[in-house]
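S.K.: Below: sequence and its predicted model.
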Amino acid sequence: MKRLLVLLLMSTPASAHSWYTAEKQEVNPYAECCTGTDCRMIPREMAQEQDDGSYRVIIPVAYAKLINPQSSVWTTVEETIPFKEVKPSPDGQYHACLYKTQSMGPTKRWLRCFFAPPNAI
């Protein structure tokens, strides 16, 4: 019985994390939101819904390093995610996925994907 409990506890984070990898980025539909270690739930206070349905996401450096320990982020992440890029969260929480380095596109983003509770979208 103890062995079964240990196996369940060891498998839970991977199972919980696996739904991120099924999601694709809105800005690059060929790329996954997560490569295994770059997504995490964020507190509600870090995601501020705007009047147009977009979200202003503000993630302090220390928390960004928790989301993606391999990230080279050096400053607070402050980005506005357009409504069309907000993905529904299957667990009803807010989640963010961060690039390891700032994207090189015209928007220079840190956020790969952002998830909000379905009732908030």
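M.R.: Perfect, I can see it now.
S.K.: contacts and neighbour counts: CA atoms only from here.
M.R.: Noted.
S.K.: Show me where this structure has its helices.
M.R.: 2-22, 61-67 (DSSP state H).
S.K.: tell me which residues in the last one are buried?
M.R.: Buried residues in helix 61-67, counting neighbours by 16 or more other Cα atoms under 10 Å, are found at 64-65, 67.
S.K.: again, but for stretch 72-79
M.R.: 73, 77-79.
S.K.: can you check stretch 32-44 too?
M.R.: By 16+ other Cα under 10 Å, the buried positions in stretch 32-44 come out as 32-34, 37-42.
S.K.: Point to the residue nearest the middle of the protein.
M.R.: Nearest residue to the geometric centre of the chain (Cα atoms, centre = their mean): A96, 1.8 Å.
S.K.: Tell me the pLDDT of it.
M.R.: Listed pLDDT for A96 reads 94.
S.K.: Distance check, it against K84.
M.R.: 15 Å (Cα to Cα, to the nearest Å).
S.K.: ok, which stretches of the chain are strands?
M.R.: Per DSSP state E, the chain carries strands over the ranges 39-42, 47-49, 55-59, 77-81, 86-88, 94-98, 111-116.
S.K.: K24 is nearest to which of the ones you listed?
M.R.: The minimum distance between K24 and these falls on strand 111-116, with 8.2 Å, by Cα to Cα.
S.K.: The closest one to strand 94-98, inter-axis angle?
M.R.: 170 degrees (axes from the mean of the first three to the mean of the last three Cα atoms, to 10 degrees).
S.K.: Packing partners of strand 111-116?
M.R.: Under the contact definition 3 or more Cα pairs under 8 Å, 6 or more residues apart in numbering; DSSP states H and E, strand 111-116 sits against strand 86-88, strand 94-98.
S.K.: which stretches of the protein aren't confidently modelled?
M.R.: Scanning the chain with the threshold set as pLDDT under 70 gives 1-18, 21, 26-30, 103-107, 120-121.
S.K.: go with 90
M.R.: Applying pLDDT under 90 to the chain flags the ranges 1-38, 68-75, 90, 98-113, 118-121.
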